[in-house]
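>>> can you look at this prediction? I've put the sequence above it.
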Amino acid sequence: MAEISITTKLEELKVLFNQMKEVYYVSKVNSDLATLAAFDMELPVLSAGAADVSKIKLTTGATWTSIANAGDSDIQFQVPSVAGKINDLLLNKKAETVTMTATIDGETYEGEGYNIEPKKVIGGLFMRSEDRQTALFLPNVEGYSNFVSEQDKPGYFNVSVSPLNDAKGASIYILRKKVSE
């Protein structure tokens, strides 16, 4: 009796995007990945801390991967920075630079004014996985951000994005590291 062959083995299908490690912002909506030469900025992203890890096992008993329970399937992340460019991107600027005229313990401060209403942000995102073997490119996103300040934590922005279709009809590009020849 002839043996049935398996043309694609499980290990060949194990291309995963396990953990978001790097997030880059592109201000131009519908950027073409083939000609993209620069990102506007890399967004600092908070680590979620200790993860609730689930192991995904196949019917063969082998562990396929392990994943952290992230809750909703939306694309959400936290940006722990109050640098000027981050503030301008994620908040609604209402006042230009203001400088204190008095001092506190001999120090003075300056900064810009923002309101804290959620801000709609448009552009694109490029995200690399922790092991840098895979990446996601979202050429056209609409997102909302809001600032959070809690005791015993640095101030951060909650960012939630929704991918939209680009000119080619794609809303997400799932990328694998190209093997050099």
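On my side now, so go ahead.
>>> so which other helices or strands are in contact with the longest helix anywhere in the chain?
Under DSSP state H, the helix in the chain containing the largest number of residues is helix 84-90. Packing partners of helix 84-90 (3 or more CB pairs under 8 Å, 6 or more residues apart in numbering; DSSP states H and E): strand 41-43, strand 110-115, strand 119-129, strand 156-163. Heads up, the C-betas are built off the backbone N, CA and C, glycines and all.
>>> next helix or strand past the helix or strand bottoming out on mean pLDDT in the chain?
In the chain, the helix or strand scored least confidently by mean pLDDT, DSSP states H and E is strand 63-68, which has a mean of 64. Per DSSP states H and E, the first helix or strand lying C-terminal to strand 63-68 is strand 75-79.
>>> need the contact list for the nearest residue to residue 124 once chain neighbours are set aside.
Leaving out its chain neighbours, the residue that sits closest to residue 124 by CB to CB, 6 or more residues apart in numbering is residue 26, at 3.9 Å. By CB atoms under 8 Å, 6 or more residues apart in numbering, the contact list for residue 26 reads 36, 39, 40, 123, 124, 125, 126, 139.
>>> residue contacts, residue 78?
Each residue near residue 78 by CB under 8 Å, 6+ apart is listed here: 45, 46, 148, 156, 157, 158, 159.
>>> what's the pLDDT at the nearest residue to the fourth one once chain neighbours are set aside?
It refers to residue 156. The shortest distance from residue 156 to any non-neighbouring residue, by CB to CB, 6+ apart, is to residue 80 (4.2 Å). The score at residue 80 is 86. That number is its pLDDT.
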